[in-house]
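Engineer: build me a structure from this.
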Amino acid sequence: MKAVGEGDYVIDSRDGRIGRVMGREGPYVQLRPPGGGREWDCPPDALRNVPPAVLLRARVRERNRQGRLPG
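Structural biologist: Model (predicted):
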């Protein structure tokens with residue numbers, strides 16, 4: 001897996017959730033679901049790259065929730 005930075009989308013391989021990297025807290029990476037919601041902590045070794053089609057769906061979902069695109 002490539003190095004991740006704030007704003008990157010990743011998959012938490014423990015449960016398959018997609019999250020946007022919000023930062024780091026101690027040994028964990030903080031993730032937030034696309035479009036907002038409650039953050040969760042994920043160990044860096046559980047992060048996986050998001051396939052392009054899944055990433056596109058996540059970004060569209062986030063934009064729709066922000067009201068920038070018609071829902």
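Engineer: for residue 10, give me the backbone phi and psi.
Structural biologist: Backbone geometry at residue 10, expressed as degrees, to the nearest 10, gives phi -140, psi 170.
Engineer: give me the nearest residue to it, chain neighbours excluded.
Structural biologist: For residue 10, ignoring the flanking residues on the chain, the nearest one in space by C-beta to C-beta, 6 or more residues apart in numbering is residue 47 at 4.6 Å. Where you see a C-beta, it was placed from the backbone N, CA and C, and this is true even at glycine.
Engineer: which pLDDT value goes with the one you found?
Structural biologist: If you check residue 47, the pLDDT there is 97.
Engineer: before we move on, what about the one 5 residues further on?
Structural biologist: In the predicted model, residue 52 carries a pLDDT score of 91.
Engineer: and the helices in this protein, which stretches?
Structural biologist: 52-66 (DSSP state H).
Engineer: the closest residue to residue 40 other than its chain neighbours bridge partners, please.
Structural biologist: Excluding its sequence neighbours, the residue lying closest to residue 40 (C-beta to C-beta, 6+ apart) is residue 31, at 5.7 Å. Residue 31 has the following beta-bridge partners by DSSP bridges: residue 21, residue 40.
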